[in-house]
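K.L.:
my questions concern the predicted model and sequence given below.
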Amino acid sequence: MSPGKTGEALVTTRVVSIGDHQFNREVCREVISNPVAEVVEVGTGANMLETSRGFVRYKQVRQMEATAYTLAEGSGTGLTSIGIVPYHGIIAVDPT
């Protein structure tokens, strides 16, 4: 880990005016030192998986099989084994 550092710049303004009337205004910016990013965690990226929502850290890998059915399948009533109509977000798990 290493702390970050803000950068520094020298900003000067030159104004050319006669009386109350301003004719020209120049702003110059000179970089004195560049910012340094803070390192908050160091790693190899192991146990990370890229998903549609970004990177996700995982703890273990399991081999599984998934199946799906529609309203017309199963008992033919359109109900799941617990008696509800399946909709987006409903899942069933056989822990064996």
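P.N.:
Nice, thanks for sending it over.
K.L.:
in terms of helices and strands, where is Ile90?
P.N.:
Using DSSP states H and E, Ile90 sits within no helix or strand.
K.L.:
so it touches Ile84, yeah?
P.N.:
Yes: between Ile90 and Ile84 there is a contact under CB atoms under 8 Å: 7.1 Å. Where you see a C-beta, it was placed from the backbone N, CA and C, and this is true even at glycine.
K.L.:
quick check: longest strand of the chain.
P.N.:
strand 21-33 (DSSP state E).
K.L.:
show me the contact partners of that strand.
P.N.:
Residues from elsewhere that reach strand 21-33, judged by CB atoms under 8 Å, 6 or more residues apart in numbering: Lys5, Gly7, Glu8, Ala9, Leu10, Val11, Thr12, Thr13, Arg14, Val15, Val16, Ser17.
K.L.:
10 Å instead?
P.N.:
Residues from elsewhere that reach strand 21-33 (CB atoms under 10 Å, 6 or more residues apart in numbering): 5-17.
K.L.:
out of these, which one has the weakest pLDDT?
P.N.:
Least confident entry in the contacts of strand 21-33, by pLDDT: Ser17, with 84.
K.L.:
mind checking how far Thr67 is from Ile91?
P.N.:
Noted for Thr67: a distance of 11 Å to Ile91, by CB to CB, to the nearest Å.
K.L.:
low-confidence regions, the protein specifically.
P.N.:
Along the chain, segments meeting pLDDT under 70 span 44-45, 69-76, 92-95.
K.L.:
how about the strands in it?
P.N.:
With DSSP E, the ranges of strands along the chain come out as 8-18, 21-33, 48-51, 54-57.
K.L.:
compute the number of surrounding residues for the nearest residue to Val15 once chain neighbours are set aside.
P.N.:
Spatially, and ignoring its direct neighbours in sequence, Val15 is nearest to Arg25 (5.2 Å; CB to CB, 6 or more residues apart in numbering). Counted with other CB atoms under 10 Å, the neighbours of Arg25 add up to 10.
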